[in-house]
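Enquirer: coordinates only, no sequence provided:
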């Protein structure tokens, strides 16, 4: 899959020359100067591998894509245009090379095997952990909308009840009452939508 994705660097040309390639071949921009051919289907695999291109070789097994970047990989929200969110295990600290540190926002976390998916060799937080992270750490106006989309998606087993129980049990929440209120609001809306009452 990675062979299908291209950047100016991977093509060995200047930025100006690459712009001509993009225009001539009608390449599709994903994010951070990474493009795919127009005939390649937009899938979770494509999105995960494109994010993985920003992680240096040798680091993939120690980092996972998280928060908004993970939501996009899973099919929710917009492609990351600023730095991508990545997690590292608090028991296995990582010092990223300078270039990667500019492209990635690293967050300390406790890794649990059941919270991550491996997509094309790239670790990505699963639907539950992604929704949990957005509720807890993302205060942007559309974060709850993305969480609602995840909950309403038929492609996973995440339910409002399961999400609420994990929010209540999470030990790493600072503003617990505010997060609980946000979680309750989005879970109530999703439940009403499923019942056709919203």
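Expert: Yes, it's here. These figures come from a predicted structure and were not determined experimentally.
Enquirer: can you pull the contacts of residue 76?
Expert: The contact partners of residue 76, taken as CB atoms under 8 Å, 6 or more residues apart in numbering, are 146, 149, 150, 153. No exception for glycine: its C-beta is placed from N, CA and C like everyone else's.
Enquirer: a markdown table please, covering those residues and showing pLDDT and distance to residue 103.
Expert: Below are those laid out as a markdown table (pLDDT from 0 to 100; distance: CB to CB, whole Å):
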| residue | pLDDT | distance to residue 103 |
| --- | --- | --- |
| 146 | 98 | 22 |
| 149 | 97 | 26 |
| 150 | 98 | 25 |
| 153 | 96 | 28 |
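Enquirer: quick one, which of the residues you listed are buried?
Expert: Buried members of the contacts of residue 76, counted by 16 or more other CB atoms under 10 Å: 146, 149, 150.
Enquirer: am I right that the first one sits in a helix?
Expert: Read that as residue 146. Yes - checked against DSSP: H, G, I helix; E, B strand; the rest coil, residue 146 lies within a helix.
Enquirer: out of the contacts of residue 76, which sit inside helices?
Expert: Counting by DSSP state H, the part of the contacts of residue 76 found in helices is 146, 149, 150.
Enquirer: and these, which is closest to residue 113?
Expert: residue 150 (20.3 Å; CB to CB).
Enquirer: what's near enough to touch the closest one?
Expert: Residues near residue 150 by CB under 8 Å, 6+ apart: 71, 74, 76, 127, 130, 131, 156, 158.
Enquirer: show me which of these are buried.
Expert: Buried residues within those, defined by neighbour count using 16+ other CB under 10 Å: 71, 74, 76, 127, 130, 131, 158.
Enquirer: now these in a markdown table, with distance to residue 17?
Expert: As requested, those are exported to a markdown table (distance: CB to CB, whole Å):
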| residue | distance to residue 17 |
| --- | --- |
| 71 | 34 |
| 74 | 34 |
| 76 | 35 |
| 127 | 40 |
| 130 | 37 |
| 131 | 42 |
| 158 | 45 |
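Enquirer: check the gap between the spatially most central residue of the chain and residue 138 for me.
Expert: For the chain, the residue nearest the mean C-alpha position is residue 70 (1.4 Å; CA atoms, centre = their mean). Relative to residue 138, residue 70 is positioned 11 Å away (CB to CB, to the nearest Å).
Enquirer: one more: residue 187?
Expert: As for residue 187, its distance to residue 138 is 16 Å (criterion: CB to CB).
Enquirer: what about those two, which has more around it?
Expert: residue 187 (21 against 18; other CB atoms under 10 Å).
Enquirer: so that one sits against residue 160, correct?
Expert: Yes - the pair residue 187 and residue 160 qualifies as a contact (CB atoms under 8 Å) at a distance of 3.5 Å.
Enquirer: joint contacts of those two?
Expert: Between them, residue 187 and residue 160 share the contacting residues residue 151, judged by CB under 8 Å, 6+ apart.
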